[in-house]
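>>> Structure for the following, please:
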Amino acid sequence: MNTPTDTVERDYDALLDESLAWAVAAGDIVNFRLLFLPASPFREESPEDASSPKYDYLFTDTEKSPEYREALALVHTPEIRAYVREQLQRKGPPRLPWRLVMALGDNALRLGKYTAAAQAYELLRIRRRIQELALDKADERLKQGDLDAAVRGYSIALGLQYDYGAFPEPLPAVPDYHERAPAMHATYPVTLEQAPAWQEDSALCKAAVHYLLPYTEFSGHFETVEPDTLRAFTAALIRSLDQDWEAFAAAFRAAMKYAAAHEELFNKLNSYSADALDILSEELVAPALLEELRQIPALLAGAPGKNHEWWHYIKVMAYQHPGAALFVSRQRLSAKEEIIIPRVRKDSLLVRELGLTG
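You can find the predicted model right below:
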């Protein structure tokens, strides 16, 4: 811990307290752990100067927030101050002060920093219990019809999910919608009934919840929910996971109008197998029309370019709009080329609630 004598430096005890308090108040698990690592500028053997500008990110720009003042008061607790300094002098892995870790996790949860909260709670071995409490509360709110609170509860539980198979160490799980979405469309839908969104709303909502909340911890939570409640919840969940859903819905409606104009052609193409299309002498799609139809997946995915594989567009679309993969379907243009198109039931209340039909 370098303390130059030729410059006026702030008291290092105060700097340490302030940086700890800011990490706790901001729910910043990365900076909090950094303060205890061997590379920490607050370790006695460190050559680093914690008051130098390159460490400004460790400190708050304002000391007026009540959360910061509360965290600073906790940091100033005599036993915590002594414990922190003991750990900074300790050789080997530090033992983090549990009360600060707990407060950090709570603040991270309040701020919507769920992966940081998950890491903090996992350090304390209470993450699973906090997740269970969030699920129980969400179940209760859903039964009461409080959709906003229910979605918030399930979103918290989703954010607290952990991947114990991660390498090199367990980490917060991140829903891999961009990987799961292509798997949902692994089988080519020869008939309309095989398209994901061609199911009745009750079945579609269950499939949507399973896709959006894909972990075993969520299994069985929606089996007894009334169909109307589940539909409203599914729509709210899809919107909550996508801050730009309205933009996607507008693009979807435009793509659906264009695809509808060629429904007869799509039905004719689907009446042949891929092998039959390969040897068919008749040209079913004119080259000029082929170029136009390739714009449909680009419109849905919001991705420029063309001649990409169907799964490429689904991956891009699902990464930006997780719920979107539920409402599209693969469509052959030839034996070797497929695109994705909008394909939904016009009588679906879920589709209407999501603004996918105009």
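
>>> Secondary structure element for Gln131, which one?
Element membership for Gln131 (DSSP states H and E) is helix 127-144.

>>> Please name every helix or strand in contact with whatever helix or strand comes next after that helix.
Under the assignment DSSP H and E, the closest C-terminal helix or strand after helix 127-144 is helix 147-159. If you count contacts as 3 or more C-beta pairs under 8 Å, 6 or more residues apart in numbering; DSSP states H and E, helix 147-159 packs onto helix 114-123, helix 127-144, helix 227-240. All C-beta atoms are positioned from the backbone trio N, CA, C, and that covers glycine.

>>> one more time with 6 Å, if that's ok
With contacts taken as 3 or more C-beta pairs under 6 Å, 6 or more residues apart in numbering; DSSP states H and E, helix 147-159 sits against helix 127-144, helix 227-240.

>>> that older thread, now the helix holding Gln131: buried residues?
Across helix 127-144, burial judged by 16 or more other C-beta atoms under 10 Å covers Arg127, Ile130, Gln131, Ala134, Leu135, Lys137, Ala138, Asp139, Arg141, Leu142.

>>> For the lowest-mean-pLDDT helix or strand in the chain, list the C-alpha coordinates in CSV.
Ranked by mean pLDDT, DSSP states H and E, the weakest helix or strand in the chain is helix 274-279, scoring a mean of 75. Extracted as CSV, the C-alpha positions of helix 274-279 are listed here (Å, rounded to 0.1, in the frame of the first residue of the first chain):
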residue,chain,number,x,y,z
ALA,A,274,-37.1,-31.8,-49.5
ASP,A,275,-36.1,-34.7,-51.7
ALA,A,276,-39.0,-34.1,-54.1
LEU,A,277,-38.1,-30.4,-54.4
ASP,A,278,-34.6,-31.3,-55.3
ILE,A,279,-35.6,-33.2,-58.4
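
>>> For it, buried residues please.
By neighbour count with 16+ other C-beta under 10 Å, helix 274-279 contains the buried residues Leu277.

>>> how about the following helix or strand past it: buried residues?
The element immediately downstream of helix 274-279 (helix or strand, assigned by DSSP H and E) is helix 287-293. The neighbour-count check on helix 287-293 (16+ other C-beta under 10 Å) flags Leu293 as buried.

>>> What is the next helix or strand along the chain from helix 287-293 packed up against?
Using DSSP H and E, the next helix or strand after helix 287-293 towards the C-terminus is helix 295-301. With contacts taken as 3+ C-beta pairs under 6 Å, 6+ apart, helix 295-301 sits against helix 245-260, helix 310-320, strand 338-342.

>>> Residues in contact with helix 295-301: which ones?
The set of residues external to helix 295-301 that reach it, using C-beta atoms under 6 Å, 6 or more residues apart in numbering, is Ala251, Ala255, Ala259, Tyr313, Val316, Met317, Ile339, Ile340, Ile341.

>>> Tabulate those residues (TSV), appending pLDDT, neighbour count and distance to Phe59.
Converted to TSV, the contacts of helix 295-301 look like this (pLDDT from 0 to 100; neighbours: other C-beta atoms under 10 Å; distance: C-beta to C-beta, whole Å):
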residue	pLDDT	neighbour count	distance to Phe59
Ala251	95	19	43
Ala255	94	21	49
Ala259	92	23	54
Tyr313	94	24	45
Val316	94	19	39
Met317	95	26	41
Ile339	92	25	52
Ile340	94	24	48
Ile341	95	23	53
